[in-house]
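Visitor: Below is the sequence, then the predicted model.
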Amino acid sequence: MSQKEKHQDDERPEDEEILTQEESEIEAEASDQQDAAQTEATSETQEEMLEHAQNEAAEYLDGWQRARAEFANYKKRMERETEEARARISGEVITRYLSVLDDLERALDRAPEEKQCEEWVSGIELIRQKLTAVLEAEGVETIEAEGERFDPMLHEAISYEESEDHEEGSVIEVTQRGYKLGERILRPAMVRVAR
């Protein structure tokens, strides 16, 4: 082998070494760029995931708040409906007792004047007072009518009559008492009205 060939063989490994070193640097640089791109993509992905999670959390919170408000409204509506039903049923039961009270009052209006009937009249009066007390305890009020202006919401006119003693449109006489329970009219007062 000549020196020239030997010299060329000696140079080749160095050249290959330089090429290998350059390739390694290029590969390292490419790898760094790839890592940077992955890191950037990962951070974008993490930001997207965070934003998605925050949006999801906001949706869940909104749904929870709506459900809570709907439940509160439902609860109030049920309480109101229960109270209305109780008042309606109570009114229906009380209305049945009003006719008994009317009968007791009619009996007292026509009570005999005789001395021997005083105890009987006192007993009927006591029964009427007890029944009136029970109704008042339930919140039943008598509708005031005599001498008042006729109000079709509270009174039911059975006749219109000429009267010099009363102003036009005022109640002359109550023929049957009216009652109300709170704002609810159980029975309007039956009245004669002046015209």
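Guide: In hand now; what should we look at? Residues are numbered from 1 along each chain as shown.

Visitor: what residue ranges in the chain are flagged as low confidence?
Guide: The chain contains residues with pLDDT under 70 at 1-20, 22, 30, 36-37, 39-41, 43.

Visitor: and the helix or strand harbouring T42, how far from the chain's centre?
Guide: In the assignment (DSSP states H and E), T42 maps to helix 3-109. Distance of helix 3-109 from its chain centroid, counting by CA atoms, centre = their mean, to the nearest Å, is 29 Å.

Visitor: How is this protein divided into domains?
Guide: Structural domains assigned to the chain are 64-138, 141-195, following automatic domain parsing.

Visitor: returning to what we had before: angle of the next helix or strand after the helix holding T42 against helix 3-109?
Guide: The first helix or strand that comes after helix 3-109 along the chain, using DSSP H and E, is helix 118-137. Interaxial angle of helix 118-137 relative to helix 3-109 (axes from the mean of the first three to the mean of the last three CA atoms, to 10 degrees): 160 degrees.

Visitor: what comes up buried for helix 118-137?
Guide: Buried residues in helix 118-137, counting neighbours by 16 or more other CB atoms under 10 Å, are found at I124, R128, L135. Placement of C-beta: from N, CA and C, glycine included.

Visitor: what number of residues lie near the closest residue to R195 other than its chain neighbours?
Guide: Nearest residue to R195 in three dimensions, chain neighbours excluded: Y160, at 4.5 Å (CB to CB, 6 or more residues apart in numbering). By the measure other CB atoms under 10 Å, the count of residues near Y160 is 14.

Visitor: Quick check: Y160 touching V191?
Guide: No: proximity of Y160 to V191 does not meet the contact threshold set by CB atoms under 8 Å, at 10.2 Å.

Visitor: can you confirm the residue nearest to R195 is in a helix?
Guide: No: inclusion of Y160 in a helix is not indicated when DSSP: H, G, I helix; E, B strand; the rest coil is applied; the result is strand.

Visitor: Which residues are in contact with it?
Guide: Contacts for Y160 (CB atoms under 8 Å, 6 or more residues apart in numbering) come out as R192, V193, A194, R195.
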